[in-house]
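S.K.: My questions concern the predicted model and sequence given below.
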Amino acid sequence: MRYVALLRGIAPSNPNMRNEKLRGVLEGLGFGNVASVISSGNLIFDADDGADPAELEELIEAAWPKELGFESTTIIRSREDLERLIAADPFAGRTDDRTSRLNVTFLKHEPEGDVPLPHRADDGTYEAFALADRAVFSAVDSTARRTPDLMRWLERTFGKAITTRTWKTVNRIAGRMDG
């Protein structure tokens, strides 16, 4: 079965966070067909059918400090999870262009309680508008004069066991999972 490990806080400028080292850790754990998609902690791999994603997350997260000396929240999604997410078309009618960037924030755990969505920044720099399958969908105004504080709001609302990817990157990952 094909999975992607989405890592939080990967800085490719750190020699221990480069793709070849990240792939090496997963290969050392016995996963097959390991590949990376761009340099921000997206690792595609094969694992046994019926593998428990939570157990995979635990195993991989434990390996980062032992093997490479850093900690990183690791969120696992299957190829089917990403295909279902893309087919749902959560950004219907929204564009990802020079003025607006579409994001998906993956949550490690189901949120507790009511989620205050939609949520729009007071200054209009971002809007988080939907939640489905442990993923929050948002749009950021790329023309804003100040940096939107979407990430701060996401962490306050959902905790730090999250990681964000652009919609274009999610589609790119899904496309590579087919190969």
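M.R.: Yep, that arrived. All values derive from a computational prediction rather than experimental measurement.

S.K.: Identify each of the strands in the chain and give its residue range.
M.R.: Using DSSP state E, the strands of the chain run over residues 2-7, 32-36, 42-46, 74-78, 100-107, 119-120, 126-132, 135-141, 162-166.

S.K.: Would you convert these into CSV that also reports mean pLDDT and distance to Lys21?
M.R.: The way it works is simple: take the backbone N, C-alpha and C, and place the C-beta from them, glycine included. As requested, the strands of the chain are exported to CSV (pLDDT from 0 to 100; distance: least, C-beta to C-beta, whole Å):
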stretch, mean pLDDT, distance to Lys21
strand 2-7, 97, 12
strand 32-36, 96, 10
strand 42-46, 97, 11
strand 74-78, 97, 15
strand 100-107, 96, 22
strand 119-120, 94, 37
strand 126-132, 93, 33
strand 135-141, 95, 27
strand 162-166, 96, 18
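
S.K.: Buried residues in the top helix by length along the chain, which are they?
M.R.: Of all segments of type helix in the chain, defined using DSSP state H, the longest is helix 53-68. Within helix 53-68, the residues that qualify as buried are 53, 56-57, 59-61, 63-64, 67-68, counting by 16 or more other C-beta atoms under 10 Å.

S.K.: quick revisit: redo the strands of the chain as CSV? Include distance to Asp149.
M.R.: Converted to CSV, the strands of the chain look like this (distance: least, C-beta to C-beta, whole Å):
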stretch, distance to Asp149
strand 2-7, 22
strand 32-36, 29
strand 42-46, 24
strand 74-78, 22
strand 100-107, 13
strand 119-120, 12
strand 126-132, 8
strand 135-141, 10
strand 162-166, 13
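
S.K.: now those as CSV including mean neighbour count and distance to Arg156?
M.R.: Formatted as CSV, these follow (neighbours: other C-beta atoms under 10 Å; distance: least, C-beta to C-beta, whole Å):
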stretch, mean neighbour count, distance to Arg156
strand 2-7, 23, 21
strand 32-36, 16, 30
strand 42-46, 22, 25
strand 74-78, 22, 19
strand 100-107, 20, 13
strand 119-120, 15, 11
strand 126-132, 18, 12
strand 135-141, 23, 13
strand 162-166, 20, 11
